[in-house]
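**Q** based on what follows, work out the 3D shape:
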Amino acid sequence: MMKDMRIAVVVDEGDPDQFNAAHPILTGRLQPLAPDGTPLGPPEQVPDLITAMAAREQADHPRWVWATGQQLYPWLLRSGVRVATCHDVALVEALLLARDGHFNHPRSALAAWSRLNGLPVPPDPPPHEPQPASRTGHQQSLFDPTPTTKPTP
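**A** Got it, this is the predicted structure:
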């Protein structure tokens, strides 16, 4: 096991109606990263992202890096997979923007990358959260997006 291992996760886009409620079959890519963020080899395409992440969490306890937990984490929780540590790029970007007084600015991974590279910042995509088919009701999680507004003194 590599100390300070990070693994970037990319969920392939798909039709949520095809997901199995008991065990969603999400496909995607896992990209091991060095502590400085450089890729360690090519990304690994995995046919079952949940199972692959569960195995890597058990074996390596990496720090996961994903664009937004809103897309992936409900499926992990529904499947009983817990990760010890992660970086949610959109969440971190929102915190950094708020710290600088930039409320209601785009916070997606693409927006953060665009800012870092001096490019025009695109608007955030509409929220996308695949819902497990057997999920009843909706309880807001700690990390569900809420509109950020400037606090009034």
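**Q** out of the helices and strands in this structure, which is least certain?
**A** Least confident element among the helices and strands of the chain, by mean pLDDT, DSSP states H and E: helix 69-78 (a mean of 87).
**Q** show me what the following helix or strand past that one is packed against.
**A** Following helix 69-78 in sequence order, the next helix or strand is strand 85-88 (DSSP states H and E). Here strand 85-88 touches strand 63-66, going by 3 or more Cβ pairs under 8 Å, 6 or more residues apart in numbering; DSSP states H and E. C-betas here are computed from N, CA, C, even on glycine.
**Q** now the strand it packs on: mean pLDDT?
**A** The average of the pLDDT scores along strand 63-66 is 94.
**Q** give me the sheet partners of that strand and which way each runs.
**A** Strand 63-66 pairs in its sheet with strand 6-11 (parallel), strand 85-88 (parallel), by DSSP bridges.
**Q** quick one: residues in contact with whichever helix or strand comes after the longest one.
**A** So the one you mean is strand 6-11. Using DSSP H and E, the helix or strand that directly follows strand 6-11 along the chain is strand 28-33. Defining contact as Cβ atoms under 8 Å, 6 or more residues apart in numbering, one finds that strand 28-33 is touched by 5-12, 39-41, 43-46, 49, 52-53, 56, 62, 65.
**Q** could you list the buried residues of the least confident helix or strand of the chain?
**A** Gly69, Gln70, Gln71, Leu72, Tyr73, Pro74, Trp75, Leu76, Arg78 (16 or more other Cβ atoms under 10 Å).
**Q** from these, which is closest to Ala84?
**A** Leu76 (12.1 Å; Cβ to Cβ).
**Q** the closest one against Thr51, yeah?
**A** No: contact criterion Cβ atoms under 8 Å: Leu76 and Thr51 do not qualify, at 10.9 Å.
**Q** what residues are shared contacts of the two?
**A** With Cβ under 8 Å, 6+ apart, Leu76 and Thr51 have no common neighbours.
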